[in-house]
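In: Model the following, please.
(chains A and B)
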Amino acid sequence: QLLESGGTLVQPGGSLRLACAASGFTFSSYTLSWVRQVPGKGPEWVSSVFQRSSGKHYADSVKGRFTISRDDSKDMVYLQMNSLRDDDTAIYYCVKDREDDGIWEFDYWGQGTPVTVSS
Amino acid sequence: DIVMSQSPLSLPVNPGEPASISCRSSQSLLRSRGYNCLSWYLQKPGQSPLLLIYLGSTRASGVPERFSGSGSGTDFTLKISRVEAEDFGVYYCMQGLQTPITFGQGTRLEIK
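Out: As a prediction, this is how the structure comes out:
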């Protein structure tokens, strides 16, 4: 199970930290990602963090503004979002990679947390 | 970036009839070990996407046998042998070969 929190209304230029609490699997063995979706649109991959934080990837649209991290001692993954823009408004999902095989497949999704960037 | 294109974008179907959705990628999703890095998801209104098919043709745990995935390289198809009421929603294909991970535009399976 993946349970996101932290989504809220924030002004443009502001910051927000999303959190995702994981349970029911060996958290440290899997890559975790954030995927966002504007209601009525398709999903958009945002960022991923590998096992032991050995690697991190970001979409170009968030590179330099967002930072993904994980705490394997707490089974938590985070997304620090800075310099937020109107087009960051979306539902943010925490997702788990199916297997550590170098192929991205998302077998578990959280329920999502809504982020609204507006003045 | 790998561009994913789905067709049709809307698919009206009567329950009990078959359905087929196409997904094309702008470059091959076939890896050296013969795996296709293509997965399919179903999103119902108000819910998170659900993994249906991975590696192009492997059904995820709990997914009914009426769902099947096929294709290789750049052309993939999701088929539903007989559509049931619970199957209506938006279907997405996703490439998992490289980042940025990209999704198709979605195909809305709706009741005719």
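In: Quick one: name the residues of chain B near chain A.
Out: Residues of chain B lying near chain A by C-beta under 8 Å from any C-beta of the partner chain: B:31, B:35, B:37, B:39, B:41, B:48-51, B:54-55, B:60, B:92, B:94, B:96-97, B:99-106. Where C-beta positions appear, they are placed from N, C-alpha and C, glycine not excepted.
In: switch to 6 Å and redo it
Out: Residues of chain B lying near chain A by C-beta under 6 Å from any C-beta of the partner chain: B:37, B:39, B:48-49, B:51, B:54, B:96, B:99-101, B:103, B:105-106.
In: Residue 25: what's its closest spatial neighbour, skipping adjacent residues?
Out: All of this is about chain A. Distances taken as C-beta to C-beta, 6 or more residues apart in numbering or on different chains put A:Lys96 closest to A:Phe25, at 7.1 Å, once the chain neighbours are dropped.
In: I was after chain B.
Out: Using C-beta to C-beta, 6+ apart, the nearest residue to B:Ser25 is B:Thr74, at 4.9 Å.
In: roughly how far apart are the one you found and B:Leu97?
Out: 11 Å (C-beta to C-beta, to the nearest Å).
In: ok, back up a step: identify the bridge partners of the residue nearest to A:Phe25.
Out: For A:Lys96, the beta-bridge partners under DSSP bridges are A:Leu32, A:Tyr108.
In: what residues does chain A put near chain B?
Out: Near chain B, the residues belonging to chain A are A:42-43, A:45, A:57, A:59, A:93, A:103-105, A:107, A:109 when assessed by C-beta under 6 Å from any C-beta.
In: By neighbours, which of those wins?
Out: A:Pro43 (26 neighbours; other C-beta atoms under 10 Å in any protein chain shown).
In: Can you check the pLDDT for it?
Out: On pLDDT, A:Pro43 comes in at 98.
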